[in-house]
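In: model this:
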Amino acid sequence: MAYRNKNRTIYSVLILVCVVGFWLFDNFYTPATYSKTDTDNGPNDFPEELLPESTTGEIVNHSFFTLSYNEPYEQAEWVAYVLDKSHLTYDDRKRPYFIEDPFVSSKSADWRNYKGSGYDRGHLVPAGDRRFSLQAYNETFYTSNISPQNREFNAGIWNDLEQQTRRWAKQYGTLYVFTGGVLEKGLDEIGEEDVDVPDHFYKIIARKNDDKIYTLSFLIPNKPQFTSLRNFVVSVDEVEKATGIDFFNQISKKQQSAFEGSKSTVGWKF
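Out: From the prediction side, this is the model:
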């Protein structure tokens, strides 16, 4: 009997150790940075003259995208990246852990804020656009690149828009993409760090033909949608009004006026 009780005690202790170990791993383990080094993060190939303004001054360059982090909302107000036809590969990549962005001065929000919230950790730069290299893919799993998204929205119309953007990249060769949530006062919040849940998400897609810039912009409510993407086409001006961000502010006002007010879908095959 004593031997049996001793075994039960050992098994109980082992189970307790395993439970504690898994809890510590889940709550405190953080993998190493996904970037090349902990200190060197220089400019990427996104044209500097096309970058939007940052309302916070917290601009972070990764190897394959740039972002402006908004600390009070615990997410990026915009991400900007180049999507080239050559980027569209079907390389099989193992999903890494979501980790805090070491290049954000305040560090980005912990992924655990999303646990039990009912919201997806929605990528702003899609991981599917970055399968062409391991580093490019892994960088999209910095928490500076995610925002709370309704699950049906994320898997539905937002996914449709991401796939359509890839088709346009195949058609035109090179696109310049800007994405983010509309960050404003009064939003619902999740997690211990009060990560705000945007009511709307936007995407601006730009392409260049010689000196001309052509854009197509979308502003979509963060909830299930069962209608055509065409119904969410807006102008760049409308996105600027909603977000308070000045896009394309480094090019001349004359150039901006040629396309920022347009909602034309001519040349953009759906």
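In: quick one: neighbours of S264, just the number.
Out: Residue neighbour count, defined by other CB atoms under 10 Å, stands at 13 for S264. The C-beta positions use only the backbone N, C-alpha and C, and glycine is treated the same way.
In: can you show me the helices along the protein?
Out: Defined through DSSP state H, the helices belonging to the chain, from first to last, are 2-28, 134-139, 151-155, 157-172, 236-243, 253-257.
In: what packs against the third one?
Out: Of the remaining helices and strands, those touching helix 151-155 by 3 or more CB pairs under 8 Å, 6 or more residues apart in numbering; DSSP states H and E are strand 119-123.
In: contact partners of the strand it packs on?
Out: Residues external to strand 119-123 that are found in contact with it (CB atoms under 8 Å, 6 or more residues apart in numbering): 98, 111, 114, 140, 143, 145-151, 154-155, 158, 190, 197, 201.
In: each with direction, which strands does it pair with?
Out: Each strand that pairs with strand 119-123, with its direction, by DSSP bridges: strand 146-150 (antiparallel).
In: contacts only, for V182.
Out: With contact set as CB under 8 Å, 6+ apart, V182 has these partners: 198-202, 219, 242-243.
In: how about those in CSV, adding neighbour count and distance to K185?
Out: Converted to CSV, the contacts of V182 look like this (neighbours: other CB atoms under 10 Å; distance: CB to CB, whole Å):
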residue, neighbour count, distance to K185
P198, 22, 12
D199, 16, 11
H200, 19, 14
F201, 25, 17
Y202, 25, 18
L219, 19, 18
A242, 16, 13
T243, 22, 13
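In: now render the residues you listed as TSV, adding pLDDT and distance to F132.
Out: What follows is the contacts of V182, written out as TSV (pLDDT from 0 to 100; distance: CB to CB, whole Å):
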residue	pLDDT	distance to F132
P198	98	28
D199	98	33
H200	98	30
F201	98	25
Y202	98	25
L219	98	29
A242	98	32
T243	98	29
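In: I'd say N61 and D45 touch.
Out: No. If you go by CB atoms under 8 Å, N61 and D45 don't touch, sitting 10.6 Å apart.
In: so how far is V104 from F132?
Out: Distance of F132 to V104, given as CB to CB, to the nearest Å: 25 Å.
In: for V195, same thing?
Out: V195 is 14 Å from V104, by CB to CB.
In: so those two - more neighbours on which side?
Out: In this view V195 and V104 are compared by other CB under 10 Å, and V195 has more residues nearby, 26 against 19.
In: contact partners for that one?
Out: Residues counted as contacts of V195 (CB under 8 Å, 6+ apart) are 73-75, 109, 113-114, 148, 189.
In: that one pairs with what?
Out: In beta-bridge terms (that is, DSSP bridges), V195 pairs with I190.
In: ok, A109 - contacts?
Out: A109 is in contact with 74-75, 100, 143, 191, 193, 195, counting by CB under 8 Å, 6+ apart.
In: same list (those) but as CSV, adding distance to L50 and pLDDT.
Out: Compiled in CSV, the contacts of A109 are given as follows (distance: CB to CB, whole Å; pLDDT from 0 to 100):
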residue, distance to L50, pLDDT
E74, 26, 98
Q75, 22, 98
E100, 28, 95
T143, 25, 97
G191, 33, 97
E193, 31, 97
V195, 28, 98
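In: can you say which of those are buried?
Out: When neighbours are counted using 16 or more other CB atoms under 10 Å, the contacts of A109 contain these buried positions: 74-75, 100, 143, 191, 195.
In: phi, psi for A258 please.
Out: As for A258, its main-chain torsions (degrees, to the nearest 10) stand at phi -70, psi -20.
In: which residues does it contact?
Out: Applying CB under 8 Å, 6+ apart, we find A258 in contact with 212-213.
In: separation between it and V60?
Out: From A258 over to V60 the distance is 30 Å, taken as CB to CB.
In: same check, this time on D211
Out: Taking CB to CB as the measure, D211 falls 29 Å from V60.
In: could you check which of those two is surrounded by more residues?
Out: When neighbours are counted by other CB under 10 Å, D211 and V60 differ, and V60 comes out ahead with 22 against 7.
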